[in-house]
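Asker: Predicted model, plus sequence, below.
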Amino acid sequence: MSTIITVPSPVLRQPTKQVGIIDTRIKSILKDMEIILKKAKDPQGVGLAAPQIGESLSIFMIRPEPNGQITIFINPQIIKYSQRTINPHRKHGVYEGCLSLPHHYAPIRRSSSVAIKYQKLEPRTYNLVPAQETFFGFAAHVIQHEMDHLNGILFIDRALEQNSKLYKVEGKEWHEITF
């Protein structure tokens with residue numbers, strides 16, 4: 001089984017390749033990703049992209065609710081971002097983290113909803129079928145984070161471009177990190 005790749009691995013900085021067919025290798029990658037996402041507890045895993053297990057493929061999955069259902073996105077493309085954004089601050093909003101950069105968090109501004117076009121697996125045949133959905137709130141936030149992974153972008157890049165603060169958590173202590 002695969003493990004989570006951490007910074008500074010070069011695979012985290014590469015744009016991914018589209019998935020053509022669901023063969024035995026892709027099925028194995030999807031199974032590994034699901035197991036890893038479910039096991040991630042420190043921090044809690046809410047999303048995982050294929051590059052995070054060393055596979056430069058256009059696949060990610062999300063589980064915004066603990067113990068909730070996992071949704072798989074293959075060859076995704078965000079087709080619309082809401083103009084309304086979620087602007088986190090100390091008492092409200094999401095401080096974004098990443099399984100590939102454990103125990104680091106930053107308040108990242110993201111669109112409050114996204115419309116996404118992607119392919120999903122037909123459960124019985126494993127054929128790819130087109131899908132399109134709109135996601136809101138935390139799920140939209142997670143999708144934008146995972147889409148960044150597919151483009152070789154890390155949340156710390158977003159923190160830098162937004163002039164946001166980065167924190168490292170050690171135990172119960174939050175320490176500001178300077179870039």
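Answerer: That came through fine.
Asker: how near is the closest residue to Phe155 other than its chain neighbours to Ile86?
Answerer: Spatial nearest neighbour of Phe155, chain neighbours left out: Glu96 (4.9 Å); criterion: C-beta to C-beta, 6 or more residues apart in numbering. All C-beta spots, glycine's among them, are computed from the backbone N, C-alpha and C. To Ile86, Glu96 is 10 Å away according to C-beta to C-beta, to the nearest Å.
Asker: likewise Gly97?
Answerer: With C-beta to C-beta as the criterion, Gly97 and Ile86 are 15 Å apart.
Asker: Counting by contacts, list what the longest helix anywhere in the chain packs against.
Answerer: Longest helix in the chain by number of residues (criterion: DSSP state H): helix 24-39. Packing contacts for helix 24-39, counted by 3 or more C-beta pairs under 8 Å, 6 or more residues apart in numbering; DSSP states H and E, involve strand 47-49, strand 59-62.
Asker: Mind putting those into a markdown table with mean neighbour count, mean pLDDT and distance to Ile78?
Answerer: As requested, the helices and strands packed on helix 24-39 are exported to a markdown table (neighbours: other C-beta atoms under 10 Å; pLDDT from 0 to 100; distance: least, C-beta to C-beta, whole Å):
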| stretch | mean neighbour count | mean pLDDT | distance to Ile78 |
| --- | --- | --- | --- |
| strand 47-49 | 27 | 98 | 14 |
| strand 59-62 | 25 | 98 | 12 |
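Asker: Thanks a lot, catch you later.
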